[in-house]
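Trainee: got a predicted model here, sequence first, then my questions.
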Amino acid sequence: MKKILLTAIVAFLFVSVGGAAGIDGKWKTSMEGPQGKMEMTFVFKVNGEKLTGTVSTPMGEMKITNGKVSGNDFSFDLKMGDHSMGHTGKLDGKVIKLKVEMPEGGPQGGGGQGGPGGPPEMTLTKVE
């Protein structure tokens, strides 16, 4: 009985940490903007439940702030000028689905949640 319980606990811990470890690393995506296609590179670093890293765009590099991880789900903020944009993501196999909360008056309708169409979503793929 003890052996079964110990095996179950170890398996649970492996699954719990496995998602967070899968988020670590370099991820790429692109999105259409007013100037055409824009490439973005995300570098995530997970330490327990804390997420740090950077996002690089043609406009420069931004630091990830307020990053949190819970299993395959995570969130962070990026500061762009006077605005801070919230991001929520989910690791889904070999991709990350990332939703962006746009600041008031931002693209996609603004309104704080991306306007009538909802928050924009990006798909990130891991750079091996």
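Mentor: Happy to help now that I have it.
Trainee: for T65, name its beta-bridge partners.
Mentor: D77 (DSSP bridges).
Trainee: using CSV, write down the CA coordinates of the one helix or strand K97 maps to.
Mentor: Per DSSP states H and E, K97 falls inside strand 95-101. Provided in CSV are the C-alpha atoms of strand 95-101 (Å, rounded to 0.1, in the frame of the first residue of the first chain):
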residue,chain,number,x,y,z
VAL,A,95,2.6,24.8,-28.9
ILE,A,96,1.6,27.6,-26.5
LYS,A,97,-1.7,29.4,-27.0
LEU,A,98,-1.2,33.0,-25.8
LYS,A,99,-4.0,35.6,-25.3
VAL,A,100,-3.3,39.3,-25.0
GLU,A,101,-5.3,41.8,-23.1
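Trainee: what mean pLDDT does that strand get?
Mentor: The average pLDDT for strand 95-101 rounds to 94.
Trainee: cool, stretch 51-63 as well?
Mentor: Rounded mean pLDDT across stretch 51-63 is 95.
Trainee: any low-confidence regions in this protein?
Mentor: Counting by pLDDT under 70, the chain shows low-confidence ranges at 1-21, 103-119.
Trainee: now do 50
Mentor: 1-19, 108-115 (pLDDT under 50).
Trainee: center of it, which residue is that?
Mentor: Using CA atoms, centre = their mean, the residue of the chain that lies closest to the mean C-alpha position is G89, 4.1 Å off.
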